[in-house]
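Asker: 3D, please:
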Amino acid sequence: MRKREQLVISKSVAECLRKQLPAGETLSVRVICTSDHPVDSLTPQRKYGHFSATSTLSRRVLILVSQNSCFVAGIEAHEFVTTAVDVSCSLNNPSTHSQQEIDKSPPAAAPAATVSVNTSILKVDTTGELTTRMPLARTLVAGYLHSLQRFSCVGGVTNIGVYLFARAQPEYLFAQSKKSSAKHILSDMALIKWWQGTMHLGLGYAVSAGQSQDDRSADPSCAASILAHIVIPGSTQSEASLSLLSSSVSNTDNNGLPAESSAASGSSVKWVWGSPYPKNDLACNCVLQFPDDPITRLLSERHGAFWSVSMLFEMLAISEECGSGHRTAYISASIPVASLSPLPADLPEQSVDTADEGALSFDAYDDILVALFDHEMDFSDRGKSASSTARLDAYLDSKYSIPVVTVTTSGPPISQKSTGTSLGNNPSGSAAAAPKVNDLTMAVRKKRKVEM
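Answerer: Numbers count the residues shown, from 1 in each chain. Presented below is the predicted three-dimensional model:
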């Protein structure tokens, strides 16, 4: 039986692509999803009491989108569900209470458990082989964020944390795509700005998909606020504001919490400068440590155990990965589960479990990544991209039978001048052929007239 989560992600992404991208395009979507595997805690150095315990399950997700038999975009994410249990010493403990006290005491309460869900978006990449200019990568991120509604059936979850480390590199998923003349590689700050705009619009879509403007006006809860944080190690807010989106980014108070002014905006996404963690707290006790992340590497060092959150970000600013002339950003958001719009109604009824038959193991997932990065894979031009796509498709079909979802888009046409302020396109614009460019530039490209 195919894992339900894979079906949920496929449908969420396909629906977003269908509604938001210009009509008449045909895209194919593959979702590669593992079963849940036990992993180390996201705060591995944190010390818990004798009556506390945590367990963390992780799932890995890779989404590949193709057009005309060529991969055009992909996203990889790791998802984590952590359960923390606090078993307090009760009166029923015979080592500290007499038998008479035990007999008279009420039954011991069930251990208190809290569940948290966090996802780390690791990679987003494109090949530049789109036949029509459109914001595919941005829309792919939005569809993935909407699919997080599947965690609403996990008991006790009230918020879902979304985290990413924005770092400019010429290629992430598609080997040799940096050599493609169709791919426009963004600079450090241009990529950070793209990610902020993409998260802003993607989070907004996640809570509004399937809702009309009348629905949101009639029910204020539909427009629940999402708190998002952004910080660029080594940069002040005033320095970064020159490059970030024009939408306001409020400061934080002394406790690392948003200032009251951050709630004054009518936007569904409120941006706050800084990390989501109290700056004076011990970093190893509260800062989540995701795979392949500079924070994880720094805190794993011996002296990292004594750093506050503030000190951690100061050290990041001079680290090899975030300093030395590089500009990177940490972006995070907390999504209220109740505000996420419903998933497609035709999904089968099934709760989230940990070992659905047919789901991939971590080893199988790693094998797929090895195949994607094989030395014979080459996405430097259309011909080589088509050959490499066919090679991986054949591998996935023969060994794992991973289904393909075909999407025919029906959204409004691309306007001749794109400001990058909407997830999809300007309904008032007219369709026009555009020079072949990598869609990562959609949020940062200056306005320019399309050559007819």
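
Asker: where does the stretch 51-200 of the chain have low pLDDT?
Answerer: For the stretch 51-200 of the chain, the stretches with pLDDT under 70 are 51, 87-112.

Asker: That one: helices as residue ranges?
Answerer: Taking DSSP state H, counting those that start in this stretch, the helices of the stretch 51-200 of the chain run over residues 99-104, 136-147, 188-208.

Asker: could you check the angle helix 136-147 makes with the last one?
Answerer: Compare the direction of helix 188-208 with that of helix 136-147 by axes from the mean of the first three to the mean of the last three Cα atoms, to 10 degrees and you get 40 degrees.

Asker: so how far is helix 188-208 from its chain's centroid?
Answerer: Mean-position distance between helix 188-208 and its chain equals 10 Å (Cα atoms, centre = their mean, to the nearest Å).

Asker: Report all helices and strands that it contacts.
Answerer: helix 136-147, strand 159-166, strand 226-231, strand 269-273, strand 329-336 (3 or more Cβ pairs under 8 Å, 6 or more residues apart in numbering; DSSP states H and E). To be clear about C-beta, it is placed using only N, CA and C from the backbone, and glycine gets the same treatment.

Asker: For residue 305, which of the ones you listed is the nearest?
Answerer: For these, proximity to residue 305 was assessed by Cβ to Cβ; strand 329-336 is nearest, at 20.3 Å.

Asker: Residues contacting the closest one, please?
Answerer: Residues outside strand 329-336 that contact it (Cβ atoms under 8 Å, 6 or more residues apart in numbering) are 145, 148, 158-166, 192, 195-196, 199, 203, 206-207, 224, 226-233, 269, 275-276, 295.

Asker: re earlier: could you redo the helices of the stretch 51-200 of the chain as TSV and give each row mean neighbour count and distance to residue 322?
Answerer: Listed next are these as TSV, based on neighbours: other Cβ atoms under 10 Å; distance: least, Cβ to Cβ, whole Å:
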stretch	mean neighbour count	distance to residue 322
helix 99-104	10	56
helix 136-147	28	22
helix 188-208	23	10
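
Asker: Out of the ones you listed, the one nearest residue 340 is which?
Answerer: Among the helices of the stretch 51-200 of the chain, helix 188-208 comes nearest to residue 340, with 5.8 Å by Cβ to Cβ.

Asker: before we move on, back to that, out of the helices and strands packed on helix 188-208, which is closest to residue 380?
Answerer: helix 136-147 (18.8 Å).

Asker: separation between residue 313 and residue 274?
Answerer: Separation of residue 313 from residue 274 (Cβ to Cβ, to the nearest Å): 9 Å.

Asker: Name the residues contacting each of the two.
Answerer: Counting by Cβ under 8 Å, 6+ apart, the residues touching both residue 313 and residue 274 are residue 231.

Asker: thinking again about what came up before, got a quick PyMOL command for the buried subset of the contacts of strand 329-336?
Answerer: Selection of buried members from the contacts of strand 329-336 for PyMOL, criterion 16 or more other Cβ atoms under 10 Å:
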select buried, resi 145+148+159+160+161+162+163+164+165+166+192+195+196+199+203+206+207+226+227+228+229+230+231+232+233+269+275+276+295
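
Asker: Could you find the closest non-adjacent residue to residue 382?
Answerer: Nearest residue to residue 382 in three dimensions, chain neighbours excluded: residue 129, at 5.6 Å (Cβ to Cβ, 6 or more residues apart in numbering).

Asker: Next up, the contacts around the one you found.
Answerer: Counting by Cβ under 8 Å, 6+ apart, residue 129 makes contact with 67-68, 70-72, 180, 182, 379, 382, 385, 436.

Asker: ok, 7 Å please
Answerer: Counting by Cβ atoms under 7 Å, 6 or more residues apart in numbering, residue 129 touches 70, 72, 182, 382, 385.

Asker: got it, and residue 78?
Answerer: By Cβ under 7 Å, 6+ apart, residue 78 lies in contact with 58, 60, 119-120, 122, 290-291.

Asker: Give me the neighbour count for residue 300.
Answerer: Close neighbours of residue 300, defined as other Cβ atoms under 10 Å, add up to 13.

Asker: hmm, back to that, which members of the contacts of residue 129 are positioned in strands?
Answerer: 70, 72 (DSSP state E).

Asker: Just name the closest of the contacts of residue 129 to residue 339, please.
Answerer: Proximity of the contacts of residue 129 to residue 339, judged by Cβ to Cβ, is greatest for residue 72, which lies at 30.8 Å.

Asker: ends of stretch 176-189, how far apart?
Answerer: Stretch 176-189 has an end-to-end distance of 23 Å (criterion: Cα to Cα, to the nearest Å).

Asker: if I pick the residue lying closest to residue 317 once chain neighbours are set aside, what's in contact with it?
Answerer: Nearest residue to residue 317 in three dimensions, chain neighbours excluded: residue 234, at 3.4 Å (Cβ to Cβ, 6+ apart). Taking Cβ under 7 Å, 6+ apart, we find residue 234 in contact with 317, 322-323.

Asker: Could you do residue 337 as well?
Answerer: Here residue 337 is in contact with 151-152, 157-160 (Cβ under 7 Å, 6+ apart).

Asker: Against residue 164, how distant is it?
Answerer: The gap separating residue 337 from residue 164 is 20 Å, by Cβ to Cβ.

Asker: And residue 225, by the same measure?
Answerer: 20 Å.

Asker: what's the answer for residue 235, then?
Answerer: 17 Å.

Asker: go on, residue 412?
Answerer: Applying Cβ to Cβ to residue 412 and residue 164 gives a distance of 28 Å.

Asker: now swap in residue 133 and tell me
Answerer: Separation of residue 133 from residue 164 (Cβ to Cβ) stands at 25 Å.
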